[in-house]
Every structure is written in C-alpha cells, then in structure tokens.
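Colleague: Generate coordinates for the sequence data below:
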Amino acid sequence: MKRIFISIASYRDPECQWTVKDLFEKAKYPERIFVGICWQFIAEEDAAFFEVDTRPEQVRRVDFDARESKGACWAKVQAMSLWQGEEYILNIDSHMRFAQDWDEQMLDTLAMCPSEKALLSTYPAIYVPPNTLTPSTPQLVVKEFNEKSKVLHLRSYNRQLTKPKRNAFVAGGFIFAKAELFQQIPWDENIYFYGEEITFALRAWTHGWDCYTPHLCSIFHYYGRGDEAKHASDNKKWHEIDKQSKRRVLHIMGTEIVDDVEIEPCYQLGKIRDLAAYQRFSGVDFKALSITDAASNGIVNLAYNTVPIV
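Modeller: Next up is the predicted model:
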C-alpha cells in the first residue's frame, strides 16, 4: 500500500484547517493519507483557526506558542518528526488546495521519472480563498542573486509539458518523493527562511537525487498573504536569526567560506556528485554570482549529470 505523509508547518494560518479538509476531500484514497502539522499559534488570538477538524485520527500535530518559534525550517523539522514510516512524503505550505485525485496523480507522475531517486517540485499554481483555482504548470528558474545578501532567488513561469522535466531546483512549499529523500536530506533547522530552497536542492543533488518539474497541475498555493501574520512580524529578533542563517547559506553554497560556521554532517553536501558539477549542470556560479541564459530559461546541462539516468 502506498501511503503518503503530508508535512505542514503552519504559522498562525487560518487557511491550514481548509488545506487539510481539501486534501482529504480531493484524494482518491484518503484512507492512505496522513498529515503532520507543526502548529505555531497564539492561543488567546488564534482559536478560530481550529474550528474545522477533518479526519482527526489521520492528523498528527505538535503545538508551539508562536512566540517560541525559530523560523520556517525549524518548524518543518518539527512537522517532519511526526512521520511514522509512510512510504511517500509530500512537504507543503499550510495554505494550499488540491486537484481531484491529486494523490494518484503525484504517484503516477513520480513513477514516470526515469531516475530511481526522483523528486517532484515547483512553485504551485495559484488559488484564491476559498476555492478559486487557476490551473497551470509552472517551472522553477533562476531569478537573481540578491544584491545585498548574495542568496540565490528563484521564480517560475508557465510552460506546457507532456512529461516530467528535469530541473535543478526545488520549491520549499512543494516537494514530493519517496520518504528516503527526507531521511537523507533533513531540513536544516539552522536556516531561517531565505536560502532553504537552494541549499536543499544542492544537498539533494549531491546525494544523487534528481529534481523534476511535474507536467500535471495537482496542487495550488495562496500567494496573496500580504497581511497575514508572519514570524518576522511577531519576532523582534528575526533580523539577527536571519543574518546568521544567511551566513550559513553562503558557506554551504561555497560563496563565502565562513570560519565560525560549522555544518553538521547531516546537513553537509553529499559525495555522489560535487558542487562544481552542480554549478555546470544548473548554470549557476555561486562564487562569481553569475547565471547563464540557459539557467534563466530552465535549461539544465545533462552532460554534467554524473549519475546515469536509467
């Protein structure tokens, strides 16, 4: 039986309850779906966010006062701790909607990928609450290196695909793979937010995992959350946490080797493929802060994919 564990880090998000409701209602096999939520909330203010309780026997949760939260990746680590051996894991944000039979679609799409260590990831299509869905198939491409922080930022553009397409990047709010991915590449709780995507992609690739853009639209994301509560608006020390996090990101990418940054073994790059090969594969140079035209258009150089695709 192919069970799916869905990992959700929710920060004071009123949409999370509806995300859980929708994912069960749209699944072809809801009995095979299990959800783990890291709930970060302020009890006296956020009671309305828990009014809908869908399939509670299949939903696990760990609660934190939002004022104790340490950032996005820290919360993802807490959510992922609720995994209980399900064969597949879907990592998503807390404000999502789903296509009908999304679970079967994702499993079928993953099975189409020629790599044995494949993952699906992209910035999802758009929805507007409560349920206005705009189907599309976005692909992740490079946007720019931030001029101040030097951290790589991504964007997406829509394209028509007939099968999953190789890519070099992942989206933090949508990653689907066999559970082994997240056992080998755990979220780095020391990364606050910016840089989580490129460091995860780099670590996964150097461990032999291949990223694919799905050709079907199975999932939707709410991008219009400008006024919603966020960790950075509640935590006055977020700048300090973010500063240390970005130094760590630059160290992992090889942009700047920082002497006082120590990367624990579980968060280090793998040994199957190296950083130099990834840069040629992706078209991104972390040291020179340069991006090729091919990278800006979502084209990878398979000549530097040193693990055969079979």
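Colleague: Test my guess that Cys217 contacts Ser136.
Modeller: Yes: the pair Cys217 and Ser136 passes the contact test of CB atoms under 8 Å, sitting 6.1 Å apart. The way it works is simple: take the backbone N, C-alpha and C, and place the C-beta from them, glycine included.
Colleague: anything in contact with each of these two?
Modeller: Common neighbours of Cys217 and Ser136 (criterion: CB atoms under 8 Å, 6 or more residues apart in numbering): Ala125.
Colleague: Compare neighbour counts for the two and give me the winner.
Modeller: Between Cys217 and Ser136, counted using other CB atoms under 10 Å, Cys217 has the larger neighbour count: 19 against 16.
Colleague: Helices of the protein, residue ranges please.
Modeller: For the chain, the helices defined by DSSP state H occupy 16-26, 72-80, 102-112, 180-184, 196-206, 231-234, 238-253, 275-282, 293-296.
Colleague: who wins for proximity to Tyr223 among the ones you listed?
Modeller: For those, proximity to Tyr223 was assessed by CB to CB; helix 16-26 is nearest, at 14.2 Å.
Colleague: If I look at Ile257, what pLDDT would I see?
Modeller: The score at Ile257 is 87. That number is its pLDDT.
Colleague: mind checking how far it is from Lys287?
Modeller: Distance of Ile257 to Lys287, computed by CB to CB, to the nearest Å: 10 Å.
Colleague: just Glu104 next, same as before
Modeller: 43 Å.
Colleague: Same drill for these two, tell me which one is more crowded.
Modeller: Glu104 (14 against 11).
Colleague: Pretty sure Tyr29 is one of the things that one touches, is it not?
Modeller: Yes: here Glu104 reaches Tyr29: they are 7.3 Å apart, a contact under CB under 8 Å.
Colleague: hmm, who's touching the one helix or strand in the chain whose mean pLDDT sits lowest?
Modeller: The least trusted helix or strand in the chain, going by mean pLDDT, DSSP states H and E, turns out to be helix 231-234, with a mean of 81. In this structure, residues lying in contact with helix 231-234 by CB under 8 Å, 6+ apart are 11-12, 40, 66-67, 69, 71-72, 238, 242.
Colleague: Give me the number of neighbouring residues for Gly71.
Modeller: Residues near Gly71, counting by other CB under 10 Å, number 22.
Colleague: likewise Thr213?
Modeller: Residues within reach of Thr213, counting by other CB under 10 Å, total 25.
Colleague: same thing with Ile241?
Modeller: 19.
Colleague: How about Glu197?
Modeller: Using other CB under 10 Å, Glu197 has 23 neighbouring residues.
Colleague: what about the residue sitting furthest away from the middle of the chain, distance to Asp101?
Modeller: Residue farthest from the centre of the chain, counting by CA atoms, centre = their mean, is Glu44 at 30.1 Å. For Glu44, the distance to Asp101 equals 40 Å [CB to CB].
Colleague: Equivalent analysis for Arg155, please.
Modeller: Per CB to CB, Arg155 is found 29 Å from Asp101.
Colleague: residue contacts, Lys28?
Modeller: Residues near Lys28 by CB under 8 Å, 6+ apart: 100-101, 103-104.
Colleague: ok, now with 7 Å
Modeller: 101, 103-104 (CB atoms under 7 Å, 6 or more residues apart in numbering).
Colleague: Give me the spatial nearest neighbour of it, chain neighbours excluded.
Modeller: Asp101 (4.2 Å; CB to CB, 6 or more residues apart in numbering).
Colleague: Asp13 now?
Modeller: Ser94 (4.3 Å).
Colleague: now Gln268
Modeller: Nearest to Gln268 is Arg203, by CB to CB, 6+ apart, at 7.6 Å.
Colleague: My read is that the one you found contacts Leu269, right?
Modeller: Yes: counting by CB atoms under 7 Å, Leu269 is a contact partner of Arg203 at 5.9 Å.
Colleague: need the contact list for the most centrally placed residue in the chain.
Modeller: The chain has Gly172 as the residue nearest its centroid, 2.1 Å off, counting by CA atoms, centre = their mean. The neighbourhood of Gly172, defined by CB under 7 Å, 6+ apart, consists of 196-197.
Colleague: Can you list phi and psi of it for me?
Modeller: Reported as degrees, to the nearest 10, the phi and psi values for Gly172 are phi -60, psi -20.
Colleague: So for it, what's the pLDDT?
Modeller: 96.
Colleague: And Val77, by the same measure?
Modeller: On the pLDDT scale, Val77 gets 98.
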